[in-house]
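> please work out how this folds:
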Amino acid sequence: MSEPIISSPLVRREAGRRLTSVVLTGGVVAAAACFVAAILVEALDGTAGVAAVDGAGAPGMTDLRAVLDGLLAPSAWAWAALGCYLLVLTPVAGLMATAIEYYAVGDRRTVLLAAAVMAVLVLSVVVAVLR
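Residues are numbered from 1 along each chain as shown. Purely as a prediction, here's the structure:
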């Protein structure tokens, strides 16, 4: 017969990692699918990447309207841009999932650490946009 487990403040409960794993895997798979779509669009129509602009090349990735229009067109450039967006956002979503999992088990220190990393990421985006 096993002995009962005594609860102690020094014993840390383990957080599940399933949500974080699903979020990270899903983000990478979705980004890969976008890159495959970009390759397929380019292979089927070699001009699809530059057809949406006036011969000056693809628009900047910050032009979200052009990306959305390119996804509907379809444009290889737009699908590749969406894949890049997903790759950049996947770690952020993973941090959020990690914070949720550790919050569920009451590990405030790890939640605060995840929040601090998120704050650094947000600050870096703000600085990059304002610069």
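> only C-alpha atoms, please: export the helix or strand bottoming out on mean pLDDT in the chain in CSV.
Counting by mean pLDDT, DSSP states H and E, the weakest-scoring helix or strand in the chain turns out to be helix 64-72, with a mean of 87. Only the C-alpha atoms of helix 64-72 are listed here, as CSV (Å, rounded to 0.1, in the frame of the first residue of the first chain):
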residue,chain,number,x,y,z
LEU,A,64,-1.7,44.3,-44.3
ARG,A,65,-4.3,45.2,-46.8
ALA,A,66,-2.0,44.2,-49.6
VAL,A,67,-1.3,40.9,-47.8
LEU,A,68,-5.0,40.2,-47.4
ASP,A,69,-5.7,41.1,-51.1
GLY,A,70,-2.8,38.9,-52.1
LEU,A,71,-4.2,35.9,-50.2
LEU,A,72,-7.4,36.2,-52.1
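> for it, which positions count as buried?
Of the residues in helix 64-72, those buried under the neighbour-count criterion (16 or more other Cβ atoms under 10 Å) are 66-67, 70. C-betas here are computed from N, CA, C, even on glycine.
> with stretch 98-109 instead?
In stretch 98-109, counting by 16+ other Cβ under 10 Å, buried: 98-102, 107.
> only alpha carbons, please: show it as PDB.
This file holds the C-alpha atoms of stretch 98-109, laid out as PDB (Å, rounded to 0.1, in the frame of the first residue of the first chain):
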ATOM      1  CA  THR A  98       2.600  28.600 -20.900                       C
ATOM      2  CA  ALA A  99       1.400  31.400 -18.600                       C
ATOM      3  CA  ILE A 100      -2.100  29.900 -18.700                       C
ATOM      4  CA  GLU A 101      -0.800  26.400 -17.800                       C
ATOM      5  CA  TYR A 102       1.300  27.700 -14.900                       C
ATOM      6  CA  TYR A 103      -1.500  29.900 -13.700                       C
ATOM      7  CA  ALA A 104      -3.700  26.900 -13.500                       C
ATOM      8  CA  VAL A 105      -1.400  25.200 -11.000                       C
ATOM      9  CA  GLY A 106      -0.700  28.400  -9.000                       C
ATOM     10  CA  ASP A 107       2.900  28.900 -10.000                       C
ATOM     11  CA  ARG A 108       2.900  32.700  -9.900                       C
ATOM     12  CA  ARG A 109       6.700  33.000 -10.400                       C
END
